[in-house]
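>>> Make a model of this:
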Amino acid sequence: MSDAWLVGRARELIAAVQRQEFDKQLEIVEIMDGLLEETLRRGEPTLVAQLLRASAFARLVTRGLAAEAEPRLDEMLAHTRRHGLSLLRADAHALRGRRLVLAAQEDAALTEIARALAILDDSTIPDRQVGVRNWNRMQSMALIDCWIVLNQLGVYEAAEEVISRAHQAIRESASPHEITLQLMNRVKMLVGWGLRLERIEQYDEAAEKFRTAASMAVAAEGPFAESLFPRKAGVSAVDQVGVLASALALHNPAAEHVDRLNQMRHGHHFPHEQEIVAIALARCLDRAGRREEALDVLRETRKAMSEDISQPSMRLNIARELARLDTTPDYASGAGKSLIDYATTLEAEMWTLRESQIATLNARREHERLSAEHGAITQQALQDPLTGLPNRRALDERLRALASSADAQPLAVALVDLDGFKGVNDKQSHAEGDNVLRVVASTLRDALRGDDVVARYGGDEFIVLLPGAPASAAKMALGRAVKSVAELPHHLSHGVTLSIGLVSLRPQERAEQVLARADAAMYEAKRGGGNQVASANSMAGDAGASWPAESIPADPSWGAEEPT
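Sure thing, here's the model as predicted:
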């Protein structure tokens, strides 16, 4: 399984999980977890982030599993921050916003989207390591995840801006699946927007939204036939996708749409499609003189979505449609008319509040952008630009802080040097050498605990600080790091291995003294043939008194032990 295959398979499963029965969704979640496990074993940072996203996404769209997405989103955020994956970090915030909408925490969801958009606003230059096409695809994916939340909250103007940016990101290289996804999302947004405009009696503007949605539904026919979505061969898109069929029906309600929409109402839906189908079907039934059937459809749908709080605007659309069609004597009376007038006034007030939501989103977005800009300037002063690890200045600050902290004792300090790195630069190129440094830095960081410090010391040397780690535990953890680098595919490491010198900080010892001892221990590992950890006796009075070096144990149970 290549990395590209893993990403492609995850994309297929994401497309499938949104339109399957519950049992099948659970199977897909299990398959996705297997792909994630394989990806974690490989350790490539971007691939790991993409599979964490896929695993979280599958749970967000599967009934009852949304809470399980939270730890994966937390891990995705920590991972993307650590490795500087800005687009995927923005996507993690967007998906967290989606989770918060499901938990009825709309204001908090808006804040997460503001964070995501602020990151995307500052991530306009493609990373050459990722490639322009993949960069654009990840940017579009993050924007669509932001759009989903904005659309759920009914903030349509902001949603329109975001989905237009998503379209621009992939307009030159979009696959049929991506084109279909864009069209379906825009149709869904325009339909929801049109229904919302009707609630404040802006019928001409609503009709224009329905007209545009219908034309996009027709345009989706071609790319849908080649997309990754589950589909029936030889059957048109409007006969398979409820939101597309609904767009045609809302643009021109008529009896001719009834059979098609009736079949779709009881089929499998994309998220939040059932409500749109129900409203479109009710209007067509009413136009055909079958109002009681229309009311039954709306009542059944209202009951079915009674526990779904993730689409508040659509719930109100169902309620309004019921009020509009139910002309029983109670509603036709003066009291009923007053109630409808009161509801219309409330709708206008809610529209004003929606505009306030947009202002809030923009204000938080700018705040997040400025905060990130300030943080980036500070971070640049303390970060190695090549590997993204803390630099020597940051290391000095961290070492001083840990040395003075009782909670960090005992403090293990290791100096890491790359065996064979000079040959990579001489025989390959300095650019390839830079790639090796990035891969080794990432592997070293991922092999250790979250609170361990890995910093670039200079050239091909790194420093590791392991707070609270006795010498034996530190040696075992660093041994795992040595093993992880040694097992990297040759095209990533070019055969580079690690020589590590390990010491424990002594009382009252200065930073330059402990680093000098670690350096001497590292050269002992080099003299032993490299690819190993050499540890100094931390109680010895002389820096070179004792240098027992150990190569990587052959016992497979050694590598299975967890970091301490």
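>>> what about this structure, any weak spots by pLDDT?
267-271, 307-312, 328-355, 372-380, 537-564 (pLDDT under 70).
>>> ranges for the strands of it?
Per DSSP state E, the chain carries strands over the ranges 411-419, 453-458, 461-467, 497-504, 532-535, 549-551.
>>> possible to save those as CSV with distance to H491?
(Glycine included, C-beta is placed from N, CA and C.) Shown next, in CSV, are the strands of the chain (distance: least, CB to CB, whole Å):
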stretch, distance to H491
strand 411-419, 17
strand 453-458, 23
strand 461-467, 22
strand 497-504, 16
strand 532-535, 24
strand 549-551, 25
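>>> I'd like to know which of these is closest to L102.
Taking CB to CB, strand 453-458 is the member of those nearest to L102, at 36.2 Å.
>>> Now do the closest one: everything it contacts.
For strand 453-458, the surrounding residues in contact (CB atoms under 8 Å, 6 or more residues apart in numbering) are 384, 386-387, 389-392, 394-395, 398, 402, 415, 441, 444-445, 448, 462-465, 467.
>>> Tell me what angle it forms with strand 461-467.
160 degrees (axes from the mean of the first three to the mean of the last three CA atoms, to 10 degrees).
>>> starting at the chain centroid, how far to strand 453-458?
28 Å (CA atoms, centre = their mean, to the nearest Å).
>>> Could you list the paired strands of it along with their orientation?
In the sheet, strand 453-458 lines up against strand 461-467 (antiparallel) (DSSP bridges).
>>> list the buried ones in the strand it pairs with?
Judged by neighbour count (16 or more other CB atoms under 10 Å), strand 461-467 contains these buried residues: 462-467.
>>> Need the residues that contact that strand.
Outside strand 461-467, the residues that touch it by CB under 8 Å, 6+ apart are 389, 395, 398-399, 402, 405, 407-409, 411-418, 441, 444, 448-449, 451-457, 473-474, 477-478, 481, 500, 515, 518.
>>> Please apply the same query to stretch 187-206.
147, 151, 154, 156, 159-160, 163, 207-210, 212-213, 216-217, 220, 243-244, 246-247, 250, 272-273, 276, 279, 313-314, 316-317, 320, 344, 347-348, 351.
>>> now do stretch 281-297
Residues contacting stretch 281-297 (CB under 8 Å, 6+ apart): 249-250, 253-255, 257-258, 261-262, 265, 278, 298, 321-322, 325-327.
>>> In that stretch, which residues are buried?
Result for stretch 281-297 [16+ other CB under 10 Å]: buried residues 281-288, 290, 293-295, 297.
>>> Closest to V496 out of those residues?
L281 (63.7 Å).
>>> returning to what we had before: is it possible to mark the buried ones in the contacts of stretch 187-206?
147, 151, 154, 156, 159-160, 163, 209-210, 212-213, 216-217, 220, 243-244, 246-247, 250, 272-273, 276, 279, 313-314, 316-317, 320, 347.
>>> Helices of the stretch 451-564 of the chain, start to end?
471-486, 490-493, 511-527 (DSSP state H, counting those that start in this stretch).
>>> Dump those helices into CSV; add distance to R19 as well.
Below are the helices of the stretch 451-564 of the chain laid out as CSV (distance: least, CB to CB, whole Å):
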stretch, distance to R19
helix 471-486, 39
helix 490-493, 37
helix 511-527, 56
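>>> okay, the ones you listed, which one's buried deepest?
Among the helices of the stretch 451-564 of the chain, helix 471-486 has the highest mean neighbour count (mean count of other CB atoms under 10 Å), at a mean of 21.
>>> Strand 453-458 and that helix, what's the angle between them?
Going by the same axes, to 10 degrees, helix 471-486 makes 60 degrees with strand 453-458.
>>> which other helices and strands contact helix 471-486?
Applying 3 or more CB pairs under 8 Å, 6 or more residues apart in numbering; DSSP states H and E, we find helix 471-486 packed against strand 411-419, helix 430-447, strand 461-467, strand 497-504, strand 532-535.
>>> hang on, the earlier thing: which stretch among the strands of the chain comes nearest A56?
Here strand 453-458 is closest among the strands of the chain (CB to CB), at 26.2 Å.
>>> tell me which residues of that closest one are tucked away?
453-457.
>>> now what about stretch 235-243, what contacts it?
By CB under 8 Å, 6+ apart, stretch 235-243 touches 180, 184, 187-188, 191, 217-218, 220-221, 224-225, 229, 231-232, 244-245, 248, 260-261, 264-265, 267, 269-270, 273-274, 276-277.
>>> Once you drop chain neighbours, what's closest to R393?
L382 (5.9 Å; CB to CB, 6 or more residues apart in numbering).
>>> contacting residues around that neighbour?
Contacts for L382 (CB under 8 Å, 6+ apart) come out as 390-391, 393-394, 397.
>>> Contacts only, for the residue nearest to L322 when sequence neighbours are not counted.
The shortest distance from L322 to any non-neighbouring residue, by CB to CB, 6+ apart, is to L298 (4.9 Å). Shown in contact with L298 (CB under 8 Å, 6+ apart): 278-279, 282, 318, 321-322, 325.
>>> redo that, cut-off 7 Å
Going by CB atoms under 7 Å, 6 or more residues apart in numbering, L298 touches 278, 282, 318, 321-322.
>>> ditto for F210
Applying CB under 7 Å, 6+ apart, the residues contacting F210 are 194, 247, 250-251.
>>> Make JSON lines from the residues you listed and add distance to S55 to it.
Shown next, in JSON lines, are the contacts of F210 (distance: CB to CB, whole Å):
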{"residue": "G194", "distance to S55": "35"}
{"residue": "A247", "distance to S55": "32"}
{"residue": "L250", "distance to S55": "36"}
{"residue": "H251", "distance to S55": "38"}
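>>> nearest to V485, of these?
Of these, the one sitting nearest to V485 (CB to CB) turns out to be A247, at 54.4 Å.
>>> I figured the closest one was touching A219, is that so?
No - with contact defined as CB atoms under 7 Å, A247 does not reach A219; the gap is 10.9 Å.
>>> Can you check which of the helices and strands packed on helix 471-486 gets nearest to G97?
Nearest to G97, of those and by CB to CB, is helix 430-447 at 27.1 Å.
>>> Can you list the helices and strands that the closest one packs against?
helix 421-427, strand 453-458, helix 471-486, helix 490-493 (3 or more CB pairs under 7 Å, 6 or more residues apart in numbering; DSSP states H and E).
>>> for those, which one sits closest to L120?
That would be, of those and by CB to CB, strand 453-458, which comes in at 28.1 Å.
>>> orientation of that closest one relative to strand 411-419 in degrees?
Using the same axes, to 10 degrees: strand 453-458 against strand 411-419 is 50 degrees.
>>> Return the subset of the contacts of L382 lying in helices.
Judged by DSSP state H, helices contain the following of the contacts of L382: 393-394, 397.
>>> buried subset of these?
For the ones in helices among the contacts of L382, buried by 16+ other CB under 10 Å: A394.
>>> possible to save the ones in helices among the contacts of L382 as a markdown table with distance to L60?
Converted to a markdown table, those look like this (distance: CB to CB, whole Å):
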| residue | distance to L60 |
| --- | --- |
| R393 | 40 |
| A394 | 36 |
| E397 | 39 |
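>>> Which member of the ones in helices among the contacts of L382 is positioned nearest L361?
Using CB to CB, A394 comes nearest to L361 of the ones in helices among the contacts of L382, at 34.1 Å.
>>> residue contacts, the closest one?
Contacts of A394 (CB under 7 Å, 6+ apart): 382, 455.
>>> quick one: it from G459, how far?
For A394, the distance to G459 equals 17 Å [CB to CB, to the nearest Å].
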